[in-house]
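A.B. asks: Would you be able to build a 3D model of this:
(2 chains)
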Amino acid sequence: MAVRRSASGVAGARAGKKAAGRGIAAIAALAGMTVLAAMALPLCILVLAGLIPTMVAALLDRYRAKYLTRTVGAMNAAGLAPLVLQLSTHGLGMAETTRLLSSPFNWLMMYGGAAIGWALFLAMPTLARTIVDLRADQLQRQLKARADELVQEWGEEVTGRSAPRR
Amino acid sequence: MVQAVQREGQAGEGRVVTLAGHFEIHVDQPLAELWSPHAGAYAAIDREMPAAGLFTLVCDPQMPPRIEVLEALRGMRFDAMLVPLAWGIVEWPLAARRCFAIVYDRPMGGAAAPGPDRPGPVPEDELVRTLLPPLVSSLGQFFAAGATHRAIRVGNIFFRDAARRFPMLGDCCSTPPAVAQPVLYETVESGLANPWGRGDGAAADDLYALGVAIVLLLLGRNPVAELPEDRLLLEKMSRGSYAAIVGSERLSPTMIEPVRGLLTDDARDRWSIQDLELWLHGRRLSPRQPALPRRATRAFEFNGESHFTARALAQAFTRKPASVPQALKSPELETWLQRSLGDAERSKLVAAALSETAEAGAVGGEDLLAARAAIALDPAAPIRYKGISVGVGAFGPALAGAFRGHLSLSAVAEAIVARLPAFWFSAQPGLRPEQTPLLKTFERMRLLLEDRRPGFGPERVVYETNPTLHCLSPLIEAQYVLDPADVLRAMEAVLEQRPAEEPQIDRHLAGFLGARFKLAAVEWFDEIGSADPGRRALGTLKLLAKLQSASGPRAVRHTAARLARQLPATLERFRNRARRKQLLEELPRLAEKGSLTELLALVDGAAERQRDNLGFSAAGQEWARIERELANLRVDGPRRPERATLLGAQMASGVAMLLAWAMALGLIVAVA
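C.D. replies: Next up is the predicted model:
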């Protein structure tokens, strides 16, 4: 009983650490955004507006490893990256930010990237299921074939189910 | 040692069989006057000394010859006795089988009598001066060699020379001891035994027979020829041998002395060979009065008959065993033994017989009780049980006779198992030192008889107790195999002639090899007795292969081929199917070589078996691992979608990261 209590205590401590880690990451992100807003407000506005799908994904993500956030975030960031580059080459001004955000194409690029990420996340499990099933079937066939070989080579006695040898 | 077998040839005057390389036996020249009761006589010639007149006795295969006596007489010469010159096994065309043959010097004067037990009268003077001295002298030498003749009868006395001056005793080796002797020539004790149960006996038995022969030679006829043998035996028991045989016939006072001395029923009082020699040299003693058995003052009534002597009552007990328990339990018998017969010792032994039988339980019941009571009443007599009557030293020949149908095999075996010989020894006045090994032998025989496995039982005991009995296995009986080294040759010869025959170790062959082939392992006999054909065939192969490696012959193709037909069942022991098939294909090739040892190495090689066992063990472990993995797969089935979802998420994350980095890289390259 003491051992079980101790084990559950260890698991709880680990969960607590992870939750604390996530909290620290959120605080770090918030702090980063605050610093970014203080230093380059136009860039901060662009990033915040562009990463809304990622933030939504982060809120909906059920995985501890945050696979949905990573997938959507990566593609979303890939769509945002050219705009950030364009803004930085034009001096990080508010006017340029307004211009970029007023272009539907730019929104399409940022949110399209996020959509592709979301689509990837939705499609991959089906593909993975097919792969896993194929691999399991193949392994089962191989094992059964080998078992048949053993029976053919050594007889039913090898299974241990037939009468003992004479 | 039995000399090498010789094969039949063809001489100018008829068929010739050669023995020991230089003795020619003329198959088509039988010699009727030298015929023995159980051996045919044929003319023979020594190629190295053609002038020497010889003849051969070809023994009845039913009768095991006394090879131990032949060996004892090897190289010895007696003036008045047929001495074997050579002996061995021959292919005998008249019987279409192999037989045992003994070559002797041919008595040129023919038989002493025109027919058995019907001699012409011999004058007393001629008997005493011419006939008896050489006979007695030779008998003395014969006894000194440790042998007994056990075939002294007028029909077996011959003359060495054509002038019929030099007598000689005939063959004594072609049959078991005393088997061919009429009851007339046997002592009361030996006469009570079945012919096969008489045994080697002692010199005193030969001297008794000589005494009878003297009477018949003197009278020129058998004075009791009209008397049936059982009646003669009763006469001997009640009146004494001298009175029973000589009766009212007249013998000269000179001859009465040796005849009385030799026909004395008590062996301890009987004349010895020295007494006879002294008498022949002129020493005269007053004739001994026959010591008749102790007679009771009143009769004991048993089964409606009156008996005055313990011996007669014992004989009656063995004839009517069903009435014995009642007689023994009644107080009259004890009273009769102690008061009328005055023999307290008999009374004690009868009580011992009763208590021993009660201790042994009801198995055999009244027959055993009758046998023990008969021993108690007549300790000198043979052991009598369920119709058999066997001297304590003759259980070996009795078993041999039993296997030939002359006695009840079960009765002989039961007598030993029931320890009747031990009771017989306990009933004797004193155990002589030379009887101790015999007692141990009986105990060993009993243990062997109780073991019913092949290689044991009566079939083993008969060869243990008859070292010169040939193998009676139906497969090779006609081959007259005396030596285990000859078994494979005989088997090969039989199988060559009989394509349908299978080489099998039957109980006789197993017993024969168990007794005489000391390299045979007990577990092989267990395998031979197995109900599993594979184990049986393997046991047979192991035994025969050991025989081949020990004594050849190097190739026995027919035996190997037939055994190879039985061996597929043996190969079932190999669990690797491919190896089994390969071995099956190799069998005929090895069988063709005729090497049983190679066949055995193929089907029972230790390395091969170990490899097979290790392989099987590894295969079993692999099978178990596969089973576990398949079970895991089955258990994993319901969890697979969940795992696939996780994997999909991981894959999506990975692909997205990859794409993002690629685009970032492309962007950097474009800007640069």
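A.B. asks: residues contacting the residue in chain B that chain A sits nearest to?
C.D. replies: Closest to chain A within chain B is B:Gly648: 2.9 Å, counting by CB to the nearest CB. All C-beta spots, glycine's among them, are computed from the backbone N, C-alpha and C. Residues in contact with B:Gly648, defined by CB atoms under 8 Å, 6 or more residues apart in numbering or on different chains, are A:121, A:123-129.
A.B. asks: again with B:Ala624
C.D. replies: A:Gly160.
A.B. asks: What strand or helix carries it?
C.D. replies: helix B:606-636 (DSSP states H and E).
A.B. asks: Work out the gap between that helix and the centre of the chain.
C.D. replies: Distance, stretch centre to chain centre, for helix B:606-636: 54 Å (CA atoms, centre = their mean, to the nearest Å).
A.B. asks: Rounded mean pLDDT for it, please.
C.D. replies: Over the span of helix B:606-636, the pLDDT mean works out to 91.
A.B. asks: got the domain boundaries for chain A?
C.D. replies: Here chain A is described, according to automatic domain parsing, as comprising the domains A:1-39, A:42-159.
A.B. asks: can you redo those domains as CSV with mean pLDDT and mean neighbour count?
C.D. replies: Shown next, in CSV, are the domains of chain A (pLDDT from 0 to 100; neighbours: other CB atoms under 10 Å in any protein chain shown):
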stretch, mean pLDDT, mean neighbour count
domain A:1-39, 68, 10
domain A:42-159, 91, 18
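A.B. asks: Can you lay out those as a markdown table showing distance to chain B?
C.D. replies: A markdown table is the format used below for those (distance: least, CB to the nearest CB, whole Å):
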| stretch | distance to chain B |
| --- | --- |
| domain A:1-39 | 17 |
| domain A:42-159 | 3 |
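A.B. asks: Any idea which of these gets closest to B:Ala569?
C.D. replies: Ranking those by distance to B:Ala569, with CB to CB as the measure, places domain A:42-159 first at 15.1 Å.
A.B. asks: May I have the phi/psi pair for B:Cys99?
C.D. replies: phi -130, psi 160 (degrees, to the nearest 10).
A.B. asks: Oh, that last question was meant for B:Glu305, not what I typed.
C.D. replies: Backbone geometry at B:Glu305, expressed as degrees, to the nearest 10, gives phi -120, psi 150.
A.B. asks: How about B:His22?
C.D. replies: Per-residue torsions, B:His22: phi -140, psi 0 (degrees, to the nearest 10).
A.B. asks: Just give the nearest non-adjacent residue to it, would you?
C.D. replies: B:Arg47 (4.3 Å; CB to CB, 6 or more residues apart in numbering or on different chains).
A.B. asks: and the one you found, what does it touch?
C.D. replies: Listed by CB under 8 Å, 6+ apart, the contact partners of B:Arg47 are B:22-24.
A.B. asks: Out of these, who's the most crowded?
C.D. replies: Neighbours here mean other CB atoms under 10 Å in any protein chain shown. Within the contacts of B:Arg47, the largest count is held by B:Phe23, at 24 neighbours.
A.B. asks: Surely that residue touches B:Leu85?
C.D. replies: Yes. With contact taken as CB atoms under 8 Å, B:Phe23 and B:Leu85 are classed as touching, separated by 7.3 Å.
A.B. asks: where does residue 26 land in three-state SS?
C.D. replies: If you meant another chain, say so; for now it's chain A. Here A:Ala26 is recorded as helix under DSSP: H, G, I helix; E, B strand; the rest coil.
A.B. asks: that's the other chain; I wanted chain B
C.D. replies: Judged by three-state DSSP, the three-state class of B:His26 is strand.
A.B. asks: Quick check, central residue of chain B?
C.D. replies: The central residue of chain B, meaning the one whose C-alpha is nearest the mean C-alpha position (CA atoms, centre = their mean), is B:Val462 at 3.2 Å.
A.B. asks: longest helix of chain A?
C.D. replies: Of all the segments of type helix in chain A, defined by DSSP state H, the longest one is helix A:104-154.
A.B. asks: what is the orientation angle of it with helix B:606-636?
C.D. replies: 150 degrees (axes from the mean of the first three to the mean of the last three CA atoms, to 10 degrees).
A.B. asks: chain center to helix A:104-154, what's the gap?
C.D. replies: A distance of 16 Å separates the C-alpha centroid of helix A:104-154 from that of its chain, computed with CA atoms, centre = their mean.
A.B. asks: can you give me how far stretch A:90-100 is from the chain middle?
C.D. replies: The offset between the C-alpha centroid of stretch A:90-100 and the centroid of the whole chain comes to 32 Å, using CA atoms, centre = their mean.
A.B. asks: A:Glu153 against B:Ala618, yeah?
C.D. replies: No. With contact defined as CB under 8 Å, A:Glu153 and B:Ala618 do not form a contacting pair (11.0 Å).
A.B. asks: List the residues that contact the spatially most central residue of chain A.
C.D. replies: Centrality entry for chain A: nearest residue to the mean C-alpha point is A:Tyr67, 1.3 Å, by CA atoms, centre = their mean. Taking CB under 8 Å, 6+ apart as the criterion, A:Tyr67 is in contact with A:61, A:121, B:649-650, B:652-653.
A.B. asks: Looking at those residues, which one is closest to B:Trp623?
C.D. replies: Proximity to B:Trp623 was ranked across the contacts of A:Tyr67 by CB to CB; first place goes to B:Gln650, at 34.9 Å.
A.B. asks: Now find how far off-centre the helix or strand the closest one falls within is within its chain.
C.D. replies: Take DSSP H and E as the rule and B:Gln650 turns out to sit in helix B:640-671. Relative to its parent chain, helix B:640-671 has a centroid offset of 97 Å by CA atoms, centre = their mean.
A.B. asks: Show me what counts as buried in that helix.
C.D. replies: For helix B:640-671, the neighbour count (16 or more other CB atoms under 10 Å in any protein chain shown) marks B:640, B:644-645, B:647-657, B:659-660, B:663-664 as buried.
A.B. asks: ditto for stretch B:301-309
C.D. replies: Residues B:302, B:307-309 are the ones in stretch B:301-309 that count as buried (16+ other CB under 10 Å).
A.B. asks: With respect to B:Gly14, which of these is nearest?
C.D. replies: Taking CB to CB as the measure, B:Thr309 is the one of the buried residues of stretch B:301-309 closest to B:Gly14, at 57.8 Å.
A.B. asks: quick one: contacts for that closest one?
C.D. replies: With CB under 8 Å, 6+ apart as the criterion, the residues that contact B:Thr309 are B:237-238, B:293-296, B:341.
A.B. asks: Does B:Glu301 fall in a helix, a strand, or a coil region?
C.D. replies: Relying on three-state DSSP, one would call B:Glu301 strand.
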